[in-house]
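Engineer: Attaching a predicted model along with its sequence, questions to come.
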Amino acid sequence: VAGVAFVVICFASVCFAFEGIHDLVTMEQDTRAGVPYQWSIVREATKSESIDLIIPMKTKNFHMLDSILADVSTPSSPNYGKYWSKERVNKFLAPPQENFDRVFAWLLFHKISDFEILADRFVKVHTTIGDAEKLLSVVFHELQHDATGYSVLRSINHYKVPHAIAEVIQVVGGVIRIPKLPRKLNLIPGGTTNPEVIQQMYNITIPASSTGNLQAVASFLGQYYSPSDLTDFEKEFSLPLVPIAETYGPNDSSDPGIEASLDVQYLLGISNCSIPTWVISTPSTTPSGNEPFLTFLSGLSNLTQIPNLISMSYQDYEYTVSESYANACNQEFMAYSLQGTTFITGSGDWGVGCIELGQCSTFTADFPSSSPYVISTGATTFNEQGAEIGVSFSSGGFSNYFARPSFQDTAVNAFLAQSDLPPSSYYNSSGRGFPDISTIGTGFVVYTKGVHNPVGGTSAATPTFGSILSMINSNRIAAGQPVLGYALPFIYQAWSENDEAFLDITESQLQDEGCCGGRFDTVPGWDPYTGLGTPNYSVLLELAMSSTLFPSLAK
C-alpha cells in the first residue's frame, strides 16, 4: 500500500507484519494513567536501568475453566474433589507455540533476548528501561510514595503493542499499575486476641493429624517475618515451637513487618502449630520489580508442591487494576483452585471506600476480594458486652467487573430486598458481593522485633479463617477425602443447610463511609459488611465431613 511501511518480524516458522506506529494498540485503557494520588515523580528513569516485565498469554480453553472448576467444587457434583494435576492444567491452558513465537519475534526485533516461559502460559522478560520503552512506546519514571518514600519505576501513560501482539497477550505487567502499599495495621490498645481466645470463640478443636496438609502465607512488597518473633509468640501462648517449614523468595528477618508477622503467627498458631506452613515471598528489592500478583501467581507453578490453602493479606482498589489484568489473575486463581488450592484474602480496611477525595460516584470495590474465586474475609470487634459486632473499617460491597456467582444468589438477593439501602447508583447490585464471612479482626497480639503489639484489620481475619479451613482440610485428609479447594460453593451451601454454621452478625459500628456519605449496615443474613457472619468450626467441620452434603464422598 502506498505510503505505509510494513515491518515483517519472524521467529522460528512464524512471521507477522505490522504498519509501524499505525499498527499499535493501546493496552489497559480502562485503568487510570498519570501520577496517582499521594505519589510524586522523582525523575525520568535511566535507560540502562534493569526492569522485569511479566506477560500472561491469552490461553486456550480459558472460557471452560469456570464450569470445570464448578464441577469439581460443587458439593452435590458426582465429580466433587476430582482435582487436576499441575501438568494437566498447564497443558489444558497452554497457548499454541506459534503465539509464543510471535511474542519472541517481537522481543527479538527490539533486541530483547533475556526471556523465559513460566507455567506454559507466561513470558517473563528481563531487559533495560531503554529497550522496554521502545518495546512499549512509553517513558518510565521513578514514582515515590509521599508518606513512605517507597518507589517504583512505571510509565504514567498507557503502553502500546502491535496489533498482532495484542491478539495473543492479555497484558504486560510491570508497566503502569502502581501496587497498593501495605497499610499500617490499626494499633488498638488492650490487645486480648490470641490463638486460645480464637479457638474458644469459634468452637475449634485441633485435628488429631495434619499429615499431608500444607498451607502458606503469601507475602508482598517487602513484608518479612522474623523466626525469633515467631518463637517468642509461640512461647508466649504455650504453643509448640514449630518454625516455618519453607520460605520461598527473599526474607530479611532483621526487618520484619507487622503484616507478615501477623499472617505467619496466626495462620500457624491457631491450629496449635499443627499444620506445616510455608511463606511465599514475592521479591520487591528494586523499584522495577514490584508487580505483586502476576509475579506471585506465575511463580506458583515452580513450587515443589502447591499448598492446599494460601492466605493473601493484600488488597487493591478494583478500579486501579484493569479488567484485563484482573481477568489474568482470575485465570490463575481458577487454575490453581482446579488443583485443589484455596485462596483467601481480607475484604479491605476502608469501609465502602472512596475513588477520589472530594468526588463521589460509586463505592469502591476491592480486588482480589471482588474475585469470585477468592474467599473474602471481613472483620468484627467486641462491643462493651463482649458480643461480636461489625467493626467500622471492615470493607464490603459489589464488584464492578465480575458478575455474582449463582451460589450467592439466595443470600445476596435477600439483602437487596431490604428497604433501607444506600442509593443504588453507588454500587453494582448484580456484581459479586463481598465479604463472604467475617472473623474477629481487632486486638491481635503480634510479636515484631521482640515486642508485642495489639493490631487489627481484615488482614487479621484472613489467617484466622484460613487456619479454620486448613484444620478442616486436615480432618478430610485423615479421612481419605479431598481437600476443600475452591471452598466458596461449600461455604454458601453450609450456610443454607444449617443456620448454626455461622453466627449472624446483626449489629455493628457505623461502617466507614468514604466520600459518598453512605454505607452498608449489618442485617439478618448476608450483608456487604460482615458477609454470612462468623464461623462455627464444629458445625462447619461436621458439614464438611457429611456424605449427605457431599454424596460423592459416601463410602
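Structural biologist: Alright, I've got the coordinates. Numbers count the residues shown, from 1 in each chain.
Engineer: what are the ranges of the helices in the stretch 351-500 of the chain?
Structural biologist: 409-416, 458-478, 488-497 (DSSP state H, counting those that start in this stretch).
Engineer: So what touches the following helix or strand past the last one?
Structural biologist: Towards the C-terminus, the helix or strand next in line after helix 488-497, according to DSSP states H and E, is strand 502-503. The set of residues that contact strand 502-503 without belonging to it, under CB atoms under 8 Å, 6 or more residues apart in numbering, is Glu388, Ile437, Ala494, Trp495, Leu532, Gly533, Thr534, Pro535, Asn536. (Each C-beta comes from the backbone N, C-alpha and C, glycine too.)
Engineer: let's go with 7 Å and repeat that
Structural biologist: Strand 502-503 has contacts (CB atoms under 7 Å, 6 or more residues apart in numbering) with Glu388, Ile437, Trp495, Leu532, Gly533, Thr534, Pro535, Asn536.
Engineer: So for stretch 435-447, first residue to last residue, what's the gap.
Structural biologist: By CA to CA, to the nearest Å, the extent of stretch 435-447 from end to end equals 28 Å.
Engineer: err, stretch 297-317, not the other one
Structural biologist: Stretch 297-317 has an end-to-end distance of 19 Å (criterion: CA to CA).
Engineer: Go through it and flag the buried ones.
Structural biologist: Neighbour-count burial for stretch 297-317 flags 297-301, 307-317 (criterion: 16 or more other CB atoms under 10 Å).
Engineer: Return the subset of those lying in strands.
Structural biologist: With DSSP state E as the criterion, strands contain Leu309, Ile310, Ser311, Met312, Asp316, Tyr317 from among the buried residues of stretch 297-317.
Engineer: residues in contact with the nearest residue to the last one once chain neighbours are set aside?
Structural biologist: Nearest non-adjacent residue to Tyr317, counting by CB to CB, 6 or more residues apart in numbering: Thr364, 5.3 Å away. Taking CB under 7 Å, 6+ apart as the definition of contact, the neighbours of Thr364 are Tyr317, Tyr319, Val352, Gly353, Cys354, Ile355, Gly514.
Engineer: The fourth one against Ser361, yeah?
Structural biologist: Pointing back at Gly353 there. No. At 11.8 Å, Gly353 does not count as touching Ser361 under the criterion of CB atoms under 7 Å.
Engineer: more crowded one of these two?
Structural biologist: Regarding Gly353 and Ser361, a neighbour count based on other CB atoms under 10 Å identifies Gly353 as having more, with 23 against 10.
Engineer: Output the lowest mean pLDDT helix or strand found in this structure.
Structural biologist: Ranked by mean pLDDT, DSSP states H and E, the helix or strand of the chain with the weakest confidence is strand 186-187, at a mean of 50.
Engineer: Next one: the residue nearest to Asp527 when sequence neighbours are not counted from Glu513, what distance?
Structural biologist: Computed as CB to CB, 6+ apart, the closest residue to Asp527 that is not its neighbour in sequence is Phe415, at 5.4 Å. Using CB to CB, to the nearest Å, Phe415 is found at 18 Å from Glu513.
Engineer: now do Ser113
Structural biologist: In terms of CB to CB, Ser113 sits 52 Å off from Glu513.
Engineer: Now for the closest residue to Asp131 other than its chain neighbours: which residues touch it?
Structural biologist: For Asp131, ignoring the flanking residues on the chain, the nearest one in space by CB to CB, 6+ apart is Ile112 at 5.4 Å. Residues in contact with Ile112 (CB under 7 Å, 6+ apart) are Val125, Thr127, Asp131, Leu135.
Engineer: Any chance of the backbone angles for the closest residue to the second one other than its chain neighbours?
Structural biologist: In this case it means Thr127. Of all residues not flanking Thr127 in the chain, Ile112 sits nearest, at 4.7 Å (CB to CB, 6+ apart). Backbone torsions of Ile112, given as degrees, to the nearest 10, read phi -110, psi 120.
Engineer: Identify the bridge partners of the residue lying closest to Ala487 once chain neighbours are set aside.
Structural biologist: In this structure, Ala487 finds its nearest non-sequential neighbour in Thr342, 5.1 Å apart by CB to CB, 6+ apart. Following DSSP bridges, Thr342 is listed with bridge partners Leu309.
Engineer: Can you give me every residue that contacts Thr342?
Structural biologist: By CB under 7 Å, 6+ apart, the contact set of Thr342 is Asn308, Leu309, Ile375, Leu469, Leu484, Gly485, Tyr486, Ala487.
Engineer: Which residue lies nearest the spatial centre of this structure?
Structural biologist: The residue lying closest to the centre of the chain (CA atoms, centre = their mean) is Pro368, at 4.4 Å.
Engineer: pretty sure that residue contacts Ile375?
Structural biologist: No. Using CB under 7 Å, Pro368 makes no contact with Ile375, being 9.9 Å away.
Engineer: Sketch out the low-pLDDT regions of the protein for me.
Structural biologist: The model of the chain has pLDDT under 70 over residues 1-22, 180-190, 283-291, 355-359, 555.
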